[in-house]
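>>> would you be able to build a 3D model of this:
(2 chains)
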Amino acid sequence: MRYPFYLAAAVPAALFAALVQAYDVAGTDVSLTGFAQLTAAKVTSGSAPVQAGQGSWSYQQWNCPCAIQHWEYAGVYEKSKGWQADQESLLGVQAKARFTPQLSATVQAVARGANNEYRPTVDWAYLSYKVAPGWTLQAGRKRIPLYYYSDFLYIGYAYPWVRPPADVYGWPIFTYDGVNASYQTELGDGTWSLDTTAWYGNFDTNSDIYDSKIYYGSRTDERWTNIRGAFVNLSNGVVGGRLMYMIHRDDIVQHNADNSVSQWADKVFTRIMGASFNVDYDAYLVRSEFNRFEQSVSKFIYNYYLVGAGYRYKDVTGMLTFSHYMTEPNSFVDQEGRNTRSVSLRWDFYKNLALKAQYDISHDESKYSYPFFGDHKLLSVSLQGIF
Amino acid sequence: MGKVFRNSCTIALLTAMLPALAEDISVVMSSKNPAVKLNAEQVSNIFLGKNLMLPDGKSLVALDQPGGSPVRETFYQKVTNKSDKQLKAYWAKLVFTGAGEPPKEIASAHELKKLVASNPNTISYVSSSDVDSSLNVLFTVQ
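Take a look at the predicted model:
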């Protein structure tokens, strides 16, 4: 079913392999790096607001009380299963070949427990060319740098939580095949640094996991075309701000049991905007994001944000975080929303390994007539590292 | 008496260690380049990959001292205010998103100095006592 997806990924991978082969004799510098996380979590309690008093219910394939923590590959913890380590655990390997100081090729493959039992996917495969000091052009497959953590969502070692708040990070499509240009520089006497990237591309999924498993309940294909976006990141080492704007056309086609298809979105104009502000002052840190998704036809609008504050003492970083998302009222579907309060700890106990623990209290604000994922309390522990 | 003796020993030991810890670190390029001065923020931007140009637009390649060496840890702590572990987390984001690469690590301080002296587009940092006529000092970390 997903053959075209893998084929699309295989082409740049094969190209990369051929290039490595061709240049190997010339002494091309090839580096292998990677990242991994072993995450175990347990839903300690939960309830469905819609049918109060009911101890358990099901939503799609899941037995609830349950907690969705990973929307892209539908990583959901179920209370009835106790501790689960297969929903977010993953292993990623990146190979980068440098042909000249300016030209390189990078491929990254990630195997995730929640995705076909660790069957690896090629999430990144791109050529990178430094055209001039500060300027870089890239072509191939990359993750969409939508929000602050979107393109390194799987690099747990790079952020303080077990995972960035799931209330903000969930999309049917998170990758694009296309091109991007980026520029980085410092301003004035170097107090501020700026980097900016603009991208263009498309992406097609057959049997998209987010759509098919979480919402539509049968095979659903989604396509984003004419994706055009840009972000600007400005920071002075203490405070940093990032603004992002992206537009694309959205197609959603569901395959029904009777072999008919339902076209839920037909090249619908979509606009996504994001703003984030971070502070790193001595031992204190603040992380915040305010994002909005808008679709033209039906005025389907999501608003979401996260605000977190933390303190670092030697190798331990503690964070308190609040996150929220809510759709605006419209004429065709009930509102969906959720808020989550989290306390998280990160302990950098070894040079390239961090141990994290997190406790989330999450409240389902959705107004669906049926029980959705519901409220949950979730305890997570994770060992995250890079190599 | 014993306590006084121990304190004296501690002071003697600290005094012996002080020169190694307190020695200045110089940010250097080859003396084949025209002399340029940088400030601490500019040096921080270069070694955090936020800017790989001199103020005149000349492109730079940053090189690192061996991992775990005192000069490297002191340099980053003072210039970027980040520990070795914080730097690893910082670079993880850039490396796995294609947004940058940490400075290339050179196996020994001696080799690093030779590389910088002979490659005008490279920049690194050395103990100030290692600076000679082959190197220009762009900034001194005290």
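>>> in chain B, which spans are strands?
Per DSSP state E, chain B carries strands over the ranges B:25-30, B:61-64, B:104-105, B:122-127, B:135-141.
>>> tell me the SS of residue A:360?
Residue A:360 falls in the strand class when you classify it by DSSP: H, G, I helix; E, B strand; the rest coil.
>>> secondary structure class for residue A:331?
The local conformation at residue A:331, judged by three-state DSSP, is coil.
>>> run through chain A and note the low-pLDDT ranges.
By pLDDT under 70, the weakly predicted segments of chain A are A:1-27, A:49-54.
>>> flag every residue of it that's near chain B.
Contact residues of chain A with respect to chain B, defined by Cβ under 8 Å from any Cβ of the partner chain, are listed as A:33, A:35, A:92, A:94, A:101, A:106, A:108, A:124, A:126, A:128, A:133-134, A:138, A:142-143, A:145, A:151-152, A:154-155, A:157-159, A:182, A:184-186, A:189-191, A:193, A:195, A:235, A:237, A:315, A:348, A:351-352, A:354, A:386. C-beta: built from backbone N, CA, C; applies to glycine.
>>> mind listing which of those are in helices?
Using DSSP state H, no member of the residues of chain A next to chain B falls in helices.
>>> residue B:142 contacts residue B:23, doesn't it?
No - between residue B:142 and residue B:23 there is no contact, the gap being 9.7 Å when judged by Cβ atoms under 8 Å.
>>> these two - which one has more neighbours?
Each of residue B:142 and residue B:23 has its neighbours counted (other Cβ atoms under 10 Å in any protein chain shown); residue B:23 has more, 17 against 8.
>>> nearest residue to that one other than its sequence neighbours?
Once flanking residues are discounted, residue B:23 sits nearest to residue B:127: 5.5 Å by Cβ to Cβ, 6 or more residues apart in numbering or on different chains.
>>> bridged to the spatially most central residue of chain B, which residues?
For chain B, the residue nearest the mean C-alpha position is residue B:125 (3.7 Å; Cα atoms, centre = their mean). Beta bridges link residue B:125 to residue B:27 when assigned by DSSP bridges.
>>> what number of residues lie near residue A:83?
When neighbours are counted by other Cβ under 10 Å, residue A:83 registers 11.
>>> what of residue B:120?
For residue B:120, using other Cβ under 10 Å, the count is 14.
>>> could you check how far it is from residue A:178?
According to Cβ to Cβ, to the nearest Å, residue B:120 stands 37 Å off from residue A:178.
>>> what do you get for residue A:259?
From residue A:259 over to residue A:178 the distance is 33 Å, taken as Cβ to Cβ.
>>> out of these two, which sits in the busier spot?
Taking other Cβ under 10 Å, residue A:259 and residue A:178 do not tie; residue A:178 has more neighbours (20 against 6).
>>> which strands or helices does the regular element (helix or strand) spanning the more buried one pack on?
Counting by DSSP states H and E, the element that carries residue A:178 is strand A:175-187. On a contact count with 3 or more Cβ pairs under 8 Å, 6 or more residues apart in numbering or on different chains; DSSP states H and E, strand A:175-187 meets strand A:135-143, strand A:192-205, strand A:220-235, helix B:40-47.
>>> any chance of CSV for the strands of chain B, columns mean pLDDT?
Shown next, in CSV, are the strands of chain B (pLDDT from 0 to 100):
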stretch, mean pLDDT
strand B:25-30, 97
strand B:61-64, 96
strand B:104-105, 94
strand B:122-127, 97
strand B:135-141, 97
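>>> the ones you listed: which one's closest to residue B:36?
strand B:135-141 (5.6 Å; Cβ to Cβ).
>>> what's the closest one packed up against?
By 3+ Cβ pairs under 8 Å, 6+ apart, strand B:135-141 packs against strand B:25-30, helix B:40-47, helix B:70-80, helix B:109-118, strand B:122-127.
>>> so which elements touch the fourth one?
This means helix B:109-118. Here helix B:109-118 touches strand B:25-30, strand B:61-64, strand B:122-127, strand B:135-141, going by 3+ Cβ pairs under 8 Å, 6+ apart.
>>> got the angle for it vs strand B:135-141?
Between helix B:109-118 and strand B:135-141, the angle comes out at 120 degrees (axes from the mean of the first three to the mean of the last three Cα atoms, to 10 degrees).
>>> quick check: buried residues in helix B:109-118?
Neighbour counts using 16 or more other Cβ atoms under 10 Å in any protein chain shown place B:109, B:112-113, B:115-117 of helix B:109-118 among the buried residues.
>>> how about residue A:329: what's its closest non-neighbour residue?
Computed as Cβ to Cβ, 6+ apart, the closest residue to residue A:329 that is not its neighbour in sequence is residue A:335, at 5.9 Å.
>>> now name the helix or strand holding the one you found.
Following DSSP H and E, there is no helix or strand that holds residue A:335.
>>> cool, and the one 5 residues further on?
Here residue A:340 is covered by strand A:337-350, with elements defined by DSSP H and E.
>>> let's have the strands of chain B in a markdown table, adding distance to residue A:65.
Below are the strands of chain B laid out as a markdown table (distance: least, Cβ to Cβ, whole Å):
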| stretch | distance to residue A:65 |
| --- | --- |
| strand B:25-30 | 56 |
| strand B:61-64 | 49 |
| strand B:104-105 | 49 |
| strand B:122-127 | 55 |
| strand B:135-141 | 55 |
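>>> tell me which of those lies nearest to residue A:74.
That would be strand B:104-105 among the strands of chain B, by Cβ to Cβ, at 40.1 Å.
>>> quick one: contacts of the closest one?
Contact partners of strand B:104-105, identified using Cβ atoms under 8 Å, 6 or more residues apart in numbering or on different chains, comprise B:61-67.
>>> three-state assignment of the closest residue to residue A:297 other than its chain neighbours?
Counting by Cβ to Cβ, 6+ apart, residue A:268 is the residue found nearest to residue A:297 once chain neighbours are left out, at 5.3 Å. Under three-state DSSP, residue A:268 falls in the strand class.
>>> wait, what's in contact with residue A:268?
Residues in contact with residue A:268, defined by Cβ under 8 Å, 6+ apart, are A:249-251, A:295-297.
>>> change it to 7 Å
Shown in contact with residue A:268 (Cβ atoms under 7 Å, 6 or more residues apart in numbering or on different chains): A:249-250, A:295-297.
>>> what residues of stretch A:134-149 count as buried?
In stretch A:134-149, counting by 16+ other Cβ under 10 Å, buried: A:134, A:136, A:138, A:140-149.
>>> export the strand or helix carrying residue A:41 to CSV, keeping only CA atoms.
For residue A:41, the host element (DSSP H and E) is strand A:29-47. Taking C-alpha atoms only, strand A:29-47 is exported to CSV below (Å, rounded to 0.1, in the frame of the first residue of the first chain):
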residue,chain,number,x,y,z
ASP,A,29,34.7,12.3,4.1
VAL,A,30,31.7,10.2,5.3
SER,A,31,30.5,10.5,8.8
LEU,A,32,27.9,8.4,10.6
THR,A,33,26.0,9.8,13.6
GLY,A,34,22.8,9.0,15.2
PHE,A,35,20.3,9.4,18.0
ALA,A,36,18.1,7.0,20.1
GLN,A,37,15.6,7.0,22.8
LEU,A,38,14.1,4.4,24.9
THR,A,39,10.8,5.7,26.3
ALA,A,40,8.4,3.9,28.6
ALA,A,41,5.2,5.4,29.8
LYS,A,42,2.1,4.4,31.7
VAL,A,43,-1.4,6.0,31.9
THR,A,44,-2.0,6.1,35.6
SER,A,45,-5.6,7.2,35.4
GLY,A,46,-8.1,8.8,32.9
SER,A,47,-11.7,9.4,32.1
